[in-house]
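Visitor: Next comes the sequence, and after it the predicted model I'd like to discuss.
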Amino acid sequence: MKIVVVGGTGLIGSKVVARLQENGHQAVPAAPNTGVNTLTGEGLGEALDGASVVVDVSNSPSFEDDAAMEFFHTSTTNLLKAEDAAGVTHHVALSVVGLDRLQESGYLRAKQAQEELIEDSGIAFSIVHATQFFEFVPGMADAATEGDTVRLAPVRIRPVHSDDVAAAVCHAASGTPVNGTVEVTGPDEFRLDDLVRGALAARNDTRTVVTDPHARYFGAEVEETTLLPGPDAHVAETRFADWLAQQR
(Lines give C-alpha, C1' and ligand atoms only; values in the text may rest on other atoms or scores of the structure.)
Protein backbone atom coordinates (compact mmCIF):
# COMPACT_ATOMS: atom_id res chain seq x y z
CA MET A 1 0.00 0.00 0.00
CA LYS A 2 1.30 3.45 -0.88
CA ILE A 3 1.27 5.78 2.11
CA VAL A 4 2.45 9.38 1.76
CA VAL A 5 3.85 10.88 4.97
CA VAL A 6 3.64 14.68 5.00
CA GLY A 7 6.39 15.96 7.26
CA GLY A 8 8.10 12.66 6.57
CA THR A 9 11.64 13.93 7.17
CA GLY A 10 11.01 15.32 10.67
CA LEU A 11 11.28 13.78 14.15
CA ILE A 12 8.07 11.76 13.99
CA GLY A 13 7.75 11.57 10.22
CA SER A 14 11.10 9.90 9.64
CA LYS A 15 10.25 7.27 12.24
CA VAL A 16 6.83 6.69 10.67
CA VAL A 17 8.34 6.26 7.19
CA ALA A 18 10.91 3.77 8.47
CA ARG A 19 8.34 1.70 10.39
CA LEU A 20 5.90 1.59 7.49
CA GLN A 21 8.65 0.48 5.12
CA GLU A 22 9.71 -2.23 7.56
CA ASN A 23 6.09 -3.44 7.51
CA GLY A 24 6.13 -3.75 3.73
CA HIS A 25 4.35 -0.54 2.75
CA GLN A 26 5.47 1.89 0.07
CA ALA A 27 6.01 4.83 2.42
CA VAL A 28 6.88 8.10 0.68
CA PRO A 29 8.21 11.08 2.68
CA ALA A 30 6.72 14.39 1.54
CA ALA A 31 8.33 17.63 2.68
CA PRO A 32 9.85 20.76 1.14
CA ASN A 33 13.24 19.05 0.97
CA THR A 34 11.68 16.22 -1.10
CA GLY A 35 9.97 18.66 -3.48
CA VAL A 36 6.53 18.75 -1.81
CA ASN A 37 5.21 21.98 -0.30
CA THR A 38 1.73 21.88 1.20
CA LEU A 39 1.62 25.68 1.58
CA THR A 40 2.04 26.29 -2.15
CA GLY A 41 0.73 22.95 -3.40
CA GLU A 42 4.01 22.29 -5.20
CA GLY A 43 4.54 18.57 -5.87
CA LEU A 44 1.37 17.43 -4.09
CA GLY A 45 -0.34 15.91 -7.11
CA GLU A 46 2.70 13.89 -8.12
CA ALA A 47 3.38 12.69 -4.56
CA LEU A 48 -0.20 11.54 -3.98
CA ASP A 49 -0.58 9.71 -7.29
CA GLY A 50 -1.58 6.14 -6.47
CA ALA A 51 -1.65 6.73 -2.71
CA SER A 52 -4.28 5.04 -0.55
CA VAL A 53 -3.38 6.79 2.72
CA VAL A 54 -1.93 10.17 3.65
CA VAL A 55 -0.34 10.69 7.05
CA ASP A 56 0.12 14.33 8.12
CA VAL A 57 2.67 14.84 10.88
CA SER A 58 3.86 18.23 9.61
CA ASN A 59 4.15 21.17 11.97
CA SER A 60 4.08 24.93 11.74
CA PRO A 61 7.57 26.47 11.66
CA SER A 62 6.24 29.22 13.96
CA PHE A 63 4.27 28.98 17.20
CA GLU A 64 3.06 32.58 16.81
CA ASP A 65 -0.76 32.63 16.76
CA ASP A 66 -1.46 34.00 13.28
CA ALA A 67 1.44 32.18 11.63
CA ALA A 68 0.37 28.84 13.08
CA MET A 69 -3.24 29.36 11.99
CA GLU A 70 -2.13 30.32 8.48
CA PHE A 71 0.10 27.25 8.23
CA PHE A 72 -2.42 24.67 9.41
CA HIS A 73 -5.37 26.17 7.53
CA THR A 74 -3.54 26.58 4.22
CA SER A 75 -1.54 23.37 4.25
CA THR A 76 -4.44 21.20 5.39
CA THR A 77 -6.82 22.74 2.85
CA ASN A 78 -4.35 22.16 0.02
CA LEU A 79 -3.60 18.64 1.20
CA LEU A 80 -7.23 17.57 1.51
CA LYS A 81 -8.04 19.02 -1.93
CA ALA A 82 -5.16 17.07 -3.47
CA GLU A 83 -6.24 13.90 -1.65
CA ASP A 84 -9.76 14.20 -3.01
CA ALA A 85 -8.40 14.60 -6.54
CA ALA A 86 -6.07 11.61 -6.12
CA GLY A 87 -8.71 9.30 -4.64
CA VAL A 88 -7.01 8.93 -1.24
CA THR A 89 -9.28 6.91 1.06
CA HIS A 90 -7.78 7.52 4.51
CA HIS A 91 -6.31 10.66 6.09
CA VAL A 92 -4.31 10.25 9.30
CA ALA A 93 -3.22 13.26 11.36
CA LEU A 94 -1.18 13.68 14.53
CA SER A 95 -2.55 16.08 17.12
CA VAL A 96 -2.55 16.84 20.84
CA VAL A 97 -4.24 15.29 23.88
CA GLY A 98 -6.52 17.78 25.61
CA LEU A 99 -6.73 20.04 22.57
CA ASP A 100 -10.29 21.15 23.29
CA ARG A 101 -9.24 22.17 26.82
CA LEU A 102 -6.32 24.32 25.65
CA GLN A 103 -8.02 26.80 23.36
CA GLU A 104 -6.44 29.86 25.04
CA SER A 105 -3.29 28.88 23.15
CA GLY A 106 -3.23 30.33 19.62
CA TYR A 107 -1.12 27.43 18.36
CA LEU A 108 -3.58 24.89 19.73
CA ARG A 109 -6.53 26.83 18.31
CA ALA A 110 -4.79 26.36 14.96
CA LYS A 111 -4.52 22.61 15.59
CA GLN A 112 -8.22 22.56 16.44
CA ALA A 113 -8.98 24.32 13.15
CA GLN A 114 -6.91 21.69 11.35
CA GLU A 115 -8.96 18.89 12.92
CA GLU A 116 -12.23 20.59 11.94
CA LEU A 117 -11.09 20.81 8.31
CA ILE A 118 -10.29 17.08 8.35
CA GLU A 119 -13.62 16.18 9.93
CA ASP A 120 -15.54 18.24 7.35
CA SER A 121 -13.57 17.01 4.32
CA GLY A 122 -15.64 13.94 3.47
CA ILE A 123 -12.47 11.80 3.46
CA ALA A 124 -12.34 8.95 5.97
CA PHE A 125 -9.90 9.87 8.75
CA SER A 126 -8.14 8.89 11.94
CA ILE A 127 -6.67 11.50 14.31
CA VAL A 128 -4.01 10.37 16.78
CA HIS A 129 -3.87 12.50 19.93
CA ALA A 130 -0.55 12.21 21.77
CA THR A 131 0.58 13.57 25.09
CA GLN A 132 3.76 15.66 25.18
CA PHE A 133 6.86 13.96 23.75
CA PHE A 134 9.86 13.24 25.98
CA GLU A 135 11.98 15.14 23.47
CA PHE A 136 9.93 18.33 23.96
CA VAL A 137 10.38 18.60 27.73
CA PRO A 138 13.34 21.02 27.34
CA GLY A 139 11.16 23.12 25.02
CA MET A 140 8.44 23.20 27.66
CA ALA A 141 11.03 24.59 30.06
CA ASP A 142 12.18 27.20 27.55
CA ALA A 143 8.62 28.37 26.93
CA ALA A 144 8.10 28.89 30.67
CA THR A 145 11.44 30.60 31.35
CA GLU A 146 11.83 34.18 32.57
CA GLY A 147 15.48 34.99 33.17
CA ASP A 148 16.83 32.04 35.16
CA THR A 149 13.41 31.01 36.48
CA VAL A 150 11.07 28.42 35.00
CA ARG A 151 7.47 28.85 36.20
CA LEU A 152 5.27 25.79 35.85
CA ALA A 153 1.95 24.72 37.27
CA PRO A 154 1.79 21.58 39.46
CA VAL A 155 -0.56 19.80 37.04
CA ARG A 156 -0.48 16.14 36.02
CA ILE A 157 1.14 14.99 32.79
CA ARG A 158 2.02 11.66 31.15
CA PRO A 159 4.73 12.27 28.53
CA VAL A 160 5.38 9.74 25.76
CA HIS A 161 8.40 8.71 23.68
CA SER A 162 8.40 9.77 20.03
CA ASP A 163 9.08 6.16 18.97
CA ASP A 164 5.83 5.11 20.63
CA VAL A 165 3.93 7.96 18.98
CA ALA A 166 5.30 6.90 15.59
CA ALA A 167 4.15 3.33 16.28
CA ALA A 168 0.63 4.56 17.10
CA VAL A 169 0.52 6.64 13.91
CA CYS A 170 1.65 3.63 11.84
CA HIS A 171 -1.01 1.46 13.47
CA ALA A 172 -3.67 4.01 12.53
CA ALA A 173 -2.33 4.37 8.97
CA SER A 174 -2.38 0.64 8.26
CA GLY A 175 -5.77 0.07 9.86
CA THR A 176 -9.39 0.95 9.17
CA PRO A 177 -10.32 4.65 9.52
CA VAL A 178 -11.98 5.37 12.87
CA ASN A 179 -13.51 8.70 11.76
CA GLY A 180 -12.59 10.02 15.17
CA THR A 181 -9.65 10.20 17.55
CA VAL A 182 -7.44 7.72 19.37
CA GLU A 183 -5.04 8.64 22.16
CA VAL A 184 -1.52 7.50 23.02
CA THR A 185 0.29 8.28 26.25
CA GLY A 186 3.33 7.26 28.28
CA PRO A 187 3.23 4.78 31.18
CA ASP A 188 4.24 7.19 33.95
CA GLU A 189 2.45 10.17 35.45
CA PHE A 190 4.32 13.20 36.79
CA ARG A 191 3.63 16.66 38.07
CA LEU A 192 4.66 19.03 35.29
CA ASP A 193 6.94 21.10 37.50
CA ASP A 194 8.64 17.99 38.92
CA LEU A 195 9.09 16.48 35.44
CA VAL A 196 10.86 19.56 34.11
CA ARG A 197 12.87 20.03 37.31
CA GLY A 198 14.25 16.51 37.02
CA ALA A 199 14.95 16.82 33.31
CA LEU A 200 16.88 20.07 33.78
CA ALA A 201 18.90 18.60 36.64
CA ALA A 202 19.84 15.63 34.48
CA ARG A 203 21.25 18.05 31.90
CA ASN A 204 23.07 20.12 34.55
CA ASP A 205 20.83 23.05 33.64
CA THR A 206 21.05 25.59 36.46
CA ARG A 207 17.68 27.23 35.91
CA THR A 208 15.34 27.17 38.92
CA VAL A 209 11.90 25.64 38.51
CA VAL A 210 9.29 27.51 40.54
CA THR A 211 5.91 25.92 41.23
CA ASP A 212 3.22 28.42 40.24
CA PRO A 213 -0.43 27.26 40.13
CA HIS A 214 -1.23 30.17 37.78
CA ALA A 215 1.60 29.56 35.32
CA ARG A 216 0.34 29.13 31.77
CA TYR A 217 1.13 26.23 29.47
CA PHE A 218 2.00 27.65 26.04
CA GLY A 219 -0.37 30.53 26.77
CA ALA A 220 -3.22 28.46 28.20
CA GLU A 221 -4.45 28.22 31.78
CA VAL A 222 -4.28 24.58 32.89
CA GLU A 223 -6.09 22.65 35.59
CA GLU A 224 -4.89 19.48 37.29
CA THR A 225 -6.14 17.05 34.62
CA THR A 226 -6.06 19.27 31.51
CA LEU A 227 -3.02 17.51 30.01
CA LEU A 228 -4.10 13.94 30.79
CA PRO A 229 -5.59 11.49 28.27
CA GLY A 230 -8.87 9.68 28.73
CA PRO A 231 -9.25 6.18 30.23
CA ASP A 232 -9.18 4.45 26.83
CA ALA A 233 -5.80 5.82 25.75
CA HIS A 234 -3.20 3.36 24.48
CA VAL A 235 -0.43 3.22 27.08
CA ALA A 236 3.02 2.93 25.53
CA GLU A 237 5.89 1.04 27.16
CA THR A 238 8.89 3.39 27.17
CA ARG A 239 9.51 4.99 30.56
CA PHE A 240 10.80 8.54 30.85
CA ALA A 241 13.53 7.56 33.33
CA ASP A 242 14.91 4.95 30.93
CA TRP A 243 14.88 7.41 28.04
CA LEU A 244 16.51 10.11 30.16
CA ALA A 245 19.27 7.72 31.24
CA GLN A 246 20.04 7.00 27.58
CA GLN A 247 20.35 10.73 26.87
CA ARG A 248 23.07 11.02 29.48
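Guide: Received it, and whenever you're ready, just let me know what you need.
Visitor: Check which residues of the lengthiest helix in the chain are buried.
Guide: Counting residues, the longest helix found in the chain (DSSP state H) is helix 65-86. For helix 65-86, the buried set under the neighbour-count rule, 16 or more other CB atoms under 10 Å, comprises 68, 69, 71, 72, 75, 76, 78, 79, 80, 82, 83, 86. The way it works is simple: take the backbone N, C-alpha and C, and place the C-beta from them, glycine included.
Visitor: Next up, the contacts around the first one.
Guide: This points to residue 68. If you count contacts by CB atoms under 8 Å, 6 or more residues apart in numbering, residue 68 has them with 60, 62, 106, 107, 110, 111.
Visitor: ok so, going back, list just the nearest of the buried residues of helix 65-86 to residue 245.
Guide: Distance ranking of the buried residues of helix 65-86 against residue 245, using CB to CB, places residue 68 first at 33.8 Å.
Visitor: all helices of the chain, in order?
Guide: Along the chain, the segments classed as helices by DSSP H run 11-22, 44-48, 65-86, 106-119, 137-143, 162-173, 192-202, 240-247.
Visitor: Counting by contacts, list what the shortest one packs against.
Guide: Spelled out, that is helix 44-48. Packing partners of helix 44-48 (3 or more CB pairs under 8 Å, 6 or more residues apart in numbering; DSSP states H and E): strand 26-30, helix 65-86.
Visitor: just how off-centre is that helix within its chain?
Guide: A distance of 23 Å separates the C-alpha centroid of helix 44-48 from that of its chain, computed with CA atoms, centre = their mean, to the nearest Å.
Visitor: can you check stretch 50-68 too?
Guide: For stretch 50-68, the distance between its averaged C-alpha position and the chain's averaged C-alpha position is 10 Å (CA atoms, centre = their mean).
Visitor: same check, this time on stretch 80-89
Guide: In terms of CA atoms, centre = their mean, the gap separating the centre of stretch 80-89 from the centre of its chain is 22 Å.
Visitor: Of the helices and strands packed on helix 44-48, which is nearest residue 6?
Guide: Short answer: strand 26-30, nearest of these by CB to CB, at 4.8 Å.
Visitor: For residue 41, give me the backbone phi and psi.
Guide: Its backbone dihedrals place residue 41 at phi 90, psi 0, with angles given as degrees, to the nearest 10.
Visitor: can I assume it is in contact with residue 80?
Guide: No. Counting by CB atoms under 8 Å, residue 41 sits too far from residue 80 to count as a contact (11.6 Å).
Visitor: Let me see the contact set for residue 97.
Guide: Residues near residue 97 by CB under 8 Å, 6+ apart: 129, 130, 131, 183, 185, 227, 228, 229, 233.
Visitor: Of these, grab the buried ones for ChimeraX.
Guide: Here is the ChimeraX command that picks out the buried ones among the contacts of residue 97, judged by 16+ other CB under 10 Å:
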select :129,130,131,183,185,227,228,229,233
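Visitor: Which one of the contacts of residue 97 is nearest to residue 27?
Guide: Set against residue 27, the nearest of these by CB to CB is residue 130 (19.5 Å).
Visitor: Look up which residues are beta-bridged to the closest one.
Guide: The bridge-partner assignment for residue 130, based on DSSP bridges, gives residue 96, residue 184.
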